[in-house]
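Undergrad: coordinates for the following, if possible.
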Amino acid sequence: MDFWQFAGSYWWLIFPLMALAGGAARSWERSAKRRHERRLEVLHAKAELKAAQAEAKAAQAESRNRGRQQVMAAASAPAEPSHEQQLERLFTAHDAVTKRWLEYELDVAKLIAFPAMSDGRQPLTAAFLRAKKVADRLRPASAKTRLSPDELTEYRNAVTDYEVAFDVAERDARRLRDSSFTEAERKRLGTAKQLLTVAVDQAATPAERQIAYKRVREELDGLISLSDGAVEVLEKKVALQLPSADGSA
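TA: So this is what the prediction gives:
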């Protein structure tokens with residue numbers, strides 16, 4: 001009875017009480033929302049931390065793997081050749097080209113077949129002879145000679161130029177053959193080639209070989225310039241076919 005009398009007398013209190021209850025509910029809701037947001041922030045931060053840790057571990061593993069590969073590559077890679085070994089290799093390449101050139105320079109038969117190799121008027125032959133002169137000038141006295149890095153590079157480049165120039169000149173000489181000569185000059189070259197075969201033929205008589213040798217020199221005179229070395233080699237070949245003083249071959 002008292003409650004209902006109180007309620008009937010103070011019914012208007014329901015509105016402030018409802019307002020207080022609504023404010024409390026909204027405050028609790030905001031607090032819950034903030035707690036939820038903080039929880040999400042914490043979870044997000046933890047996820048970022050784990051991702052960063054995983055990325056750091058992967059980077060470390062990759063770095064260690066790369067380091068092992070570099071060590072293994074360095075261990076398996078051949079040691080850089082010494083200064084002396086580099087010079088020896090260059091000498092070998094240098095001498096190989098010179099040997100190929102001397103096969104033309106000292107062999108009259110090859111000079112007749114490829115006359116451009118002895119003709120300094122041919123541009124490519126002249127270029128080869130210049131490259132040879134440079135390589136020979138820069139060549140050290142021995143593999144023990146100490147060269148500066150620049151000097152070693154200069155000699156290496158000279159040897160390379162020497163090799164290339166010879167290859168180009170040789171291909172051109174084989175292409176040209178006797179095409180730069182007139183018809184009459186080509187006939188003289190053909191005659192010299194035939195006589196050269198007789199000059200070194202054991203079946204020919206000494207007189208025939210001597211005459212053939214002299215005719216070879218005559219036919220080539222003015223056409224091909226024979227080096228002193230080529231003449232000396234040819235004379236030795238002819239002399240080997242001639243009988244000695246006691247009549248033995």
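
Undergrad: rounded mean pLDDT for stretch 210-230, please.
TA: Stretch 210-230 shows a mean pLDDT of 88.

Undergrad: now do it: everything it contacts.
TA: Stretch 210-230 is contacted from outside by 102, 105-108, 111-112, 115, 118-119, 181, 185, 188-189, 191-192, 195-196, 198-199, 204, 234-235, 238, 242, using CB atoms under 8 Å, 6 or more residues apart in numbering. Backbone N, C-alpha and C define where each C-beta goes, glycine included.

Undergrad: what ranges do the helices span in the chain?
TA: Ranges of helices within the chain are 2-9, 14-76, 83-105, 108-113, 123-138, 149-176, 183-199, 206-220, 228-240, based on DSSP state H.

Undergrad: could I get those as a markdown table with mean neighbour count?
TA: A markdown table is the format used below for the helices of the chain (neighbours: other CB atoms under 10 Å):
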| stretch | mean neighbour count |
| --- | --- |
| helix 2-9 | 9 |
| helix 14-76 | 10 |
| helix 83-105 | 16 |
| helix 108-113 | 20 |
| helix 123-138 | 17 |
| helix 149-176 | 17 |
| helix 183-199 | 16 |
| helix 206-220 | 17 |
| helix 228-240 | 14 |
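
Undergrad: what's the least confident stretch among these?
TA: Per-stretch mean pLDDT for those is lowest at helix 2-9 (a mean of 55).

Undergrad: how close does residue 39 get to residue 51?
TA: According to CB to CB, to the nearest Å, residue 39 stands 19 Å off from residue 51.
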